[in-house]
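Chemist: Everything below, folded, please.
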Amino acid sequence: MTKLPTPTLKLDIDKDALAHNWRALDRMSGEARAGAAVKADCYGLGVEHCVPTLRDAGCRDFFVAHWSEVAPVIEHVPAKQVAVLHGPLNAAEVAYARETGVVPVIDSLRQAKLWAEGGGGPCHLMVDSGINRLGISPHEISDPLVQALDVQALMSHLACADEDSAMNARQLETFRDAIQRIEHREASLANSAGIALGSAYHFDLTRPGLSLYGGMPRPELESEIRQVAYPRAAIIQTRQLSAGETVGYNATFTAPTQMRVGVLSLGYADGILRAWGGASFEAGEKALPILGKVSMDMIVIDLSDAPDLAEGDWVELPYHLPNAAQQTSVSQYELLTVLGNRYQR
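Modeler: Presented below is the predicted three-dimensional model:
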């Protein structure tokens, strides 16, 4: 089969930074060990690139959301180290968990019943401490279906860990109460931001996600976390504009004078949303402003300060997540997970 040409989009993954981030979060977790949320294809960066790096850095606990995410992960780590946060919806998913050895997170009385009817075994249990998403309610803890579970990790999830909110302490107390009422081997509450809240939130196992991949949801993390993802694009065409000519849909940019521009082969289909309008790409130390609206597959940039750039040359979009989030008003989580599949990673 003919080899495909090299893509004109690249997403460079700094694996050393990824490994550093996990080790930093593991160290910040104190006596607890850090796991890794690898759902959504490792927040958009690619399981095949990230999971082996996290494994080799020392991670032994991996969390996905969907059952469809299990197979790519267990190509790299033992199934017993993988947990499915959404739990079993039906008997087929129970059977899949038992056959593969992955660990379901039980989130409701219905799931507890399904797990027991399917043969049971070690599982994790999510208790809702106030976020009102998945998890059994505190008043359901005494239910026989819950008390009969073989709970490996008792879990909950913080709603406001990225803020100095009184809700953090309330959820912590609710979780501590649950710990006293359910037999379990380990307890787990903190996500990336929760790790930064301090030792009271660490328990036995932390579950960082965003900060593994360069996100910094709290200022305490800024000195510890390194950028991991670097989107780059090739210039596929250069052109000269005359004064008064416009660029892109709805003609939102008008050339004030004669100017040279470049067309890049990426756009909002690749996660570079229209919220990036007004930002700049970079070539070395030179800023190359985006002109007009971001299209699905194309972005036009100003090459006035980079006369040597030609078709085929590469430019980079600054993707330090806290800065990018401030510039675009798009959350750090979304900036990662919207990145498309046309990049060469």
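Chemist: Now for the chain: which strand has the highest residue count?
Modeler: strand 229-241 (DSSP state E).
Chemist: which residues touch the residue nearest the centre of the chain?
Modeler: The centre of the chain sits closest to Y43, judged by C-alpha atoms, centre = their mean, with a distance of 2.9 Å. Residues near Y43 by C-beta atoms under 8 Å, 6 or more residues apart in numbering: 37, 209-210, 212-213, 333, 336-337. Every residue, glycine included, has its C-beta placed from N, CA and C.
Chemist: what does stretch 338-345 contact?
Modeler: Taking C-beta under 8 Å, 6+ apart as the rule, stretch 338-345 contacts 6-7, 9-11, 13, 44-46, 49, 229, 231, 266, 269-271, 273.
Chemist: for stretch 140-147, that is, sorry about that
Modeler: 109, 112-113, 116, 125, 127, 136, 178, 181-183.
Chemist: can you rerun that using 6 Å?
Modeler: Contacting residues not belonging to stretch 140-147 are listed as 109, 112-113, 181-182 [C-beta atoms under 6 Å, 6 or more residues apart in numbering].
Chemist: Same check on stretch 211-229?
Modeler: By C-beta under 6 Å, 6+ apart, stretch 211-229 touches 14, 17-18, 20-22, 24-25, 36, 43, 45, 162, 192-193, 196, 319-322, 332, 336.
Chemist: If you count neighbours, what's buried in it?
Modeler: Judged by neighbour count (16 or more other C-beta atoms under 10 Å), stretch 211-229 contains these buried residues: 211-218, 221, 224-229.
Chemist: Work out the gap between that stretch and the centre of the chain.
Modeler: 12 Å (C-alpha atoms, centre = their mean, to the nearest Å).
Chemist: And stretch 77-89, by the same measure?
Modeler: 17 Å.
Chemist: contacts for stretch 96-114?
Modeler: By C-beta under 6 Å, 6+ apart, stretch 96-114 touches 70, 79-80, 82-85, 87-88, 94, 115, 119, 123-126, 134-135, 140, 143, 145-146, 149.
Chemist: In helices, which of those residues fall?
Modeler: Within those, residues falling in helices by DSSP state H are 70, 94, 115, 145-146.
Chemist: which of the residues you listed tops the neighbour count?
Modeler: Neighbour counts for those peak at W115, which has 25 neighbours (criterion: other C-beta atoms under 10 Å).
Chemist: pLDDT score for it?
Modeler: What the model reports for W115 is a pLDDT of 98.
Chemist: give the contact list for it.
Modeler: Counting by C-beta under 6 Å, 6+ apart, W115 makes contact with 106, 123.
Chemist: Help me confirm that H86 comes into contact with A65.
Modeler: Yes. With contact defined as C-beta atoms under 6 Å, H86 counts as touching A65 (5.4 Å).
Chemist: Counting neighbours, go ahead and name the busier of those two.
Modeler: The neighbour comparison of H86 against A65 (other C-beta under 10 Å) goes to H86, with 18 against 15.
Chemist: which residues in the stretch 101-250 of the chain form strands?
Modeler: Per DSSP state E, counting those that start in this stretch, the stretch 101-250 of the chain carries strands over the ranges 103-106, 122-126, 150-155, 186-188, 205-206, 229-241, 246-247.
Chemist: so where's the stretch 151-300 of the chain uncertain?
Modeler: Applying pLDDT under 70 to the stretch 151-300 of the chain flags no residue at all.
Chemist: between the strands of the stretch 101-250 of the chain, which one is nearest to D297?
Modeler: strand 229-241 (9.9 Å; C-beta to C-beta).
Chemist: Report the buried residues of the closest one.
Modeler: 229-235, 241.
Chemist: Give the partner strands of it in its sheet and their orientations.
Modeler: strand 9-13 (antiparallel), strand 259-264 (antiparallel), strand 314-316 (antiparallel) (DSSP bridges).
Chemist: right, so these: which one is the most enclosed?
Modeler: Comparing the strands paired with strand 229-241 by mean neighbour count (mean count of other C-beta atoms under 10 Å), strand 259-264 comes out on top with a mean of 21.
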